[in-house]
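Colleague: Fold the following, please.
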Amino acid sequence: MLAPGSVQTLASAAVRRQPHAPRAFRPYGLRVPGQRGLITLSLSRAIGRAVALAARFAAGAPRGRRRTDATFLSAGTRALSGVPGWFTTAEPGWWAFWPGWKRAAVRWAALTAAYGLYTHPLITGASLGWLAVVTGCALAPRWRHWRYVQTVIRPVDLQLCQYLGTDPATSPTGGCGCPGGPPPTRTR
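Modeller: Predicted coordinates:
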């Protein structure tokens, strides 16, 4: 590869080093004396990153940079400055404000459901169907109240806060404290 009288051979003899083949002649990952193995190093980095990502996924930690001040036990209250969001608002989504244990529970439930659907699709599908029916029956009575609060109580409350000059975010109910009773029932 290198001619015995080439300039590189003479220069390496002057500084008492082994002459290396030029980069174009050296196959990728070939171990050369005095250099680390490129394949081994990149493979170990990839494995380390995959293990760290799997551990963060399993523990409910954010998989990238933290965007809120949420911890494993407490929910986030504010966005960290200088961290861009997913969309044009540059604000983190609701998922980033959840505590880590909730994110971990949702991730593990999704993995369990996916594994169950892969191994026992009929049993898992029936179980998930019944779970959806029970959840729907439990949330149906609350749906009417939530919709009433969102369409009637909340807009009136925000208007009152505007006229009274108070901040709607300071009250625990998210408004000025208008009573949000149950929705009116239909009488026939």
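
Colleague: Which secondary structure element is home to residue 63?
Modeller: Residue 63 is located outside every helix and strand, with elements delineated by DSSP states H and E.

Colleague: how far away is it from residue 47?
Modeller: Computed with CB to CB, to the nearest Å, the distance linking residue 63 and residue 47 is 17 Å. (Glycine included, C-beta is placed from N, CA and C.)

Colleague: Repeat that for residue 152.
Modeller: Counting by CB to CB - residue 152 and residue 47 are separated by 57 Å.

Colleague: The two - which one has more neighbours?
Modeller: For residue 152 and residue 47, the more surrounded residue by other CB atoms under 10 Å is residue 152, and the numbers stand at 14 against 10.

Colleague: Next one, pLDDT for that one please.
Modeller: pLDDT recorded at residue 152 is 83.

Colleague: what's the answer for the one 3 residues further on, then?
Modeller: The predicted local distance difference test score for residue 155 is 82.

Colleague: Show the model's pLDDT score for residue 14.
Modeller: 54.

Colleague: and residue 73, how many residues sit next to it?
Modeller: The tally of other residues near residue 73 (other CB under 10 Å) stands at 8.

Colleague: What ranges does the chain have for its strands?
Modeller: Using DSSP state E, no strands are found in the chain.

Colleague: need the longest helix for it.
Modeller: Secondary structure assigned by DSSP state H gives helix 121-148 as the longest helix of the chain.

Colleague: Who are the packing partners of that one?
Modeller: Applying 3 or more CB pairs under 8 Å, 6 or more residues apart in numbering; DSSP states H and E, one finds that helix 121-148 makes contact with helix 100-119.

Colleague: buried set for the helix it packs on?
Modeller: By neighbour count on 16 or more other CB atoms under 10 Å, the buried set for helix 100-119 is 100, 103-104.

Colleague: ok, these vs residue 139, which is closest?
Modeller: Taking CB to CB as the measure, residue 103 is the one of the buried residues of helix 100-119 closest to residue 139, at 21.7 Å.

Colleague: residues in contact with that closest one?
Modeller: By CB atoms under 8 Å, 6 or more residues apart in numbering, the contact list for residue 103 reads 60-61, 95.

Colleague: so where is the protein shaky, pLDDT-wise?
Modeller: Along the chain, the parts satisfying pLDDT under 70 run over 1-41, 81-90, 168-188.

Colleague: all helices in it, in order from the N-terminus.
Modeller: Counting by DSSP H, the chain forms helices over residues 7-14, 38-59, 94-97, 100-119, 121-148, 154-164, given from the N-terminal end onward.
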